[in-house]
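Undergrad: Compute the structure for the input listed below.
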Amino acid sequence: MKAKTGGAGFTRLIHADWSKSPKGRWAASARRCQGGWAAEAPYPVPPLERYVDDLLSRPVDGPTLAGFDFPIGLPVAYGRRTGFAGFLDALPAFGKGEWSEFYEVAKRPAEVSRARPFYPAAPGGSSRQHLLDGHDVADFASLTRGCERGGPGRKAAGCLFWTLGSNQVGKAMMTGWREVVVPARHRGAHLWPFDGTLVDLAGQGGLTLAETYPADVYGFLGAAFRPGESKRRQSDRTSKAPALLGWAARARVELAPALRTAIVDGFGPVDKGGDRFDAVVGLFGMIAVVDGIRPDGYPVDDDTLGWEGWILGRQS
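TA: So this is what the prediction gives:
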């Protein structure tokens, strides 16, 4: 896969580490300054109707790239069965008419279908085979996107239709689509990579939304967690401070005092420090892509561009 790099026209970057619970949503931002970027400390994502307004209402800041830690796109095998031409055609239809139950997680195996693809609503008596049977597919490869699959040096992401377990992403994704992506696109926002390359979208101005995966950036920053370490443990987050501070210095990222303090302190003693950590790591990953330090992973095949999208900076 050929990678296209850089998106230097963007002057404001925002990264949101997402969760189905509003308390688990944290964002970090940076603005282009002379010679580099000025990054701020992470902050709680405000109520979503206000958040979309904030993303769209600052044209004076120049083109904005906003990254979100939830899937944006659908597996091509599933997409072809919807009857739509591509993801951008399907997205505004979900939740309406024939697709009115799309955002309702199936409670029983018999409820899983093309129009109600997420399962299960709660633990107890559910199995992954129920999901496969409901979708009439033989394996999970048919229910995952190319950018979600693992490989050498690449951690696999979870299946977006399976909504059980600590690493499930479907429920958070549904909130993100309904309350951020759809309203923002209705008001003129672009969606990478479906609407074009980063260079093209930055040139068009306004707001561009993209999918991110902070865990994919740990190793790039030199901040990977070793076996036995945990992102949820403050001491382990603190041990990554030299790597994060060193990378920021090399990439000419000016850290606000509150952000520098947070990094050195491991983002606080609470478990949610992991969300703040990912908000900043994701932001650093976006800076690396926009400045051309890291390829954006831009897909060139029609299936990926039309249905699956891609994770910003994810390598093939």
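Undergrad: just for the stretch 151-300 of the chain, where's the confidence low?
TA: Across the stretch 151-300 of the chain, the ranges flagged by pLDDT under 70 are 153.
Undergrad: now do 90
TA: 151-159, 164-169, 269-272, 298-300 (pLDDT under 90).
Undergrad: For it, which segments are assigned as strands?
TA: Using DSSP state E, counting those that start in this stretch, the strands found in the stretch 151-300 of the chain span residues 190-191, 207-211, 253-255.
Undergrad: highest average neighbour count across these?
TA: By mean neighbour count, with neighbours taken as mean count of other C-beta atoms under 10 Å, strand 207-211 ranks first of the strands of the stretch 151-300 of the chain at a mean of 24. Just so you know, the C-beta spots here come from the backbone N, C-alpha and C atoms, and that holds for glycine as well.
Undergrad: Contacts made by that one with the rest, please.
TA: 10, 55-56, 63-73, 180-181, 184-185, 188-193, 195, 198, 201-202, 286, 309-312 (C-beta atoms under 8 Å, 6 or more residues apart in numbering).
Undergrad: coming back round to it: out of the strands of the stretch 151-300 of the chain, which comes closest to residue 273?
TA: Evaluated over the strands of the stretch 151-300 of the chain, closeness to residue 273 peaks at strand 253-255, with 17.0 Å, by C-beta to C-beta.
Undergrad: now the closest one, how far from the centre of its chain.
TA: In terms of C-alpha atoms, centre = their mean, to the nearest Å, the centre of strand 253-255 is set 23 Å apart from its chain centre.
Undergrad: distance of the nearest residue to residue 293 once chain neighbours are set aside from residue 292?
TA: Nearest residue to residue 293, sequence neighbours excluded (C-beta to C-beta, 6 or more residues apart in numbering): residue 251, at 6.5 Å. Using C-beta to C-beta, to the nearest Å, residue 251 is found at 11 Å from residue 292.
Undergrad: what's the neighbour count on the residue nearest to residue 293?
TA: 15 (other C-beta atoms under 10 Å).
Undergrad: And residue 162, by the same measure?
TA: With neighbours defined by other C-beta under 10 Å, the count for residue 162 comes to 22.
Undergrad: Is it bridged to anything, and to what?
TA: residue 119 (DSSP bridges).
Undergrad: change the start of the numbering to 3 and stick with it
TA: All right, first residue 3 from here; so that's residue 164.
Undergrad: thinking it is in contact with residue 173, fair?
TA: No: if you go by C-beta atoms under 8 Å, residue 164 and residue 173 don't touch, sitting 10.6 Å apart.
Undergrad: so where's the stretch 3-152 of the chain uncertain?
TA: Using pLDDT under 90, the flagged stretches of the stretch 3-152 of the chain are 3-10, 22, 36-37, 51, 56, 58-64, 124-128, 142-144, 151-152.
Undergrad: so who does residue 45 touch?
TA: Taking C-beta under 8 Å, 6+ apart, we find residue 45 in contact with 28-30.
Undergrad: Just name the closest of the residues you listed to residue 223, please.
TA: Closest approach to residue 223 among the contacts of residue 45 (C-beta to C-beta): residue 30, at 13.8 Å.
Undergrad: what helix or strand is the closest one on?
TA: Element membership of residue 30 [criterion: DSSP states H and E] is strand 28-35.
Undergrad: Only alpha carbons, please: show the following helix or strand past that strand as PDB.
TA: Once strand 28-35 ends, the next helix or strand along the chain (criterion: DSSP H and E) is strand 38-41. What follows is strand 38-41, C-alpha atoms only, in PDB (Å, rounded to 0.1, in the frame of the first residue of the first chain):
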ATOM      1  CA  GLY A  38       6.200  24.000  15.600                       C
ATOM      2  CA  TRP A  39       3.100  23.400  17.700                       C
ATOM      3  CA  ALA A  40       1.800  24.600  21.100                       C
ATOM      4  CA  ALA A  41       0.000  21.800  22.900                       C
END
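Undergrad: quick revisit: so of the contacts of strand 209-213, which ones are in helices?
TA: 57-58, 186-187, 200, 203-204, 288 (DSSP state H).
Undergrad: In ChimeraX, how would I select the buried members of these?
TA: One line in ChimeraX is enough to select the buried members of these, burial here meaning 16 or more other C-beta atoms under 10 Å:
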select :57,58,186,187,200,203,204,288
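Undergrad: How many residues are close by the closest residue to residue 172 other than its chain neighbours?
TA: Closest residue to residue 172 apart from its sequence neighbours, by C-beta to C-beta, 6+ apart: residue 165 at 4.2 Å. The local packing of residue 165 (other C-beta under 10 Å) involves 24 other residues.
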